[in-house]
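Enquirer: what's the 3D shape of this:
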Amino acid sequence: MERKIFGSLGFFLSGNMAVAAHGQGLVVRLDPADASKALDETGVSTFPPGHSPMKGWVLVAFDAVAEDDELSEWIDAGLDFAATLPPK
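Expert: A predicted model of the protein is given here:
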């Protein structure tokens with residue numbers, strides 16, 4: 001399911017957000033431990049930028065998802081985590 005979130009379009013699984021488009025990149029919801037590890041990757045930063053980071057959420061710069069396979073990996077990661085959460 002898709003709906004508006006963060007001023008853009010987000011994609012949800014069982015009511016839990018997995019990924020969303022953002023003005024600066026792709027917002028991805030991950031397990032907090034995986035999000036901490038993801039911050040070591042090029043183009044990945046905390047979300048939201050310039051504010052207190054949301055635990056388990058990262059912002060992946062557009063440059064880091066320019067190729068289809070890169071984009072698919074991040075979308076799959078967000079969907080995989082959303083699938084572990086109880087439905088809303």
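Enquirer: hey, let's count contacts and neighbours off CA atoms from now on
Expert: OK.
Enquirer: what helix or strand is the residue nearest in space to the middle of the chain on?
Expert: Geometric centre of the chain, nearest residue: Val28, 0.5 Å, by Cα atoms, centre = their mean. Assigned by DSSP states H and E, Val28 belongs to strand 25-29.
Enquirer: what helices or strands is that strand leaning on?
Expert: Judged by 3 or more Cα pairs under 8 Å, 6 or more residues apart in numbering; DSSP states H and E, the packing partners of strand 25-29 are strand 16-22, strand 57-61, helix 68-84.
Enquirer: tell me the mean pLDDT for the first one?
Expert: The reference is to strand 16-22. In this model, strand 16-22 carries a mean pLDDT of 95.
Enquirer: contacts made by that strand with the rest, please.
Expert: 5-12, 26-30, 75, 78-79, 81-82, 85, 87-88 (Cα atoms under 8 Å, 6 or more residues apart in numbering).
Enquirer: now do 10 Å
Expert: Applying Cα atoms under 10 Å, 6 or more residues apart in numbering, the contact partners of strand 16-22 are 1-13, 26-30, 48, 57-62, 74-88.
Enquirer: ok, the second one next?
Expert: The contact list for strand 57-61, computed with Cα under 10 Å, 6+ apart, reads 18-32, 34-36, 38-39, 41-49, 71, 74, 78.
Enquirer: quick revisit: need the helices and strands packed on strand 25-29 in TSV with mean neighbour count, can you?
Expert: Formatted as TSV, the helices and strands packed on strand 25-29 follow (neighbours: other Cα atoms under 10 Å):
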stretch	mean neighbour count
strand 16-22	23
strand 57-61	24
helix 68-84	16
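Enquirer: right, I'll leave it there.
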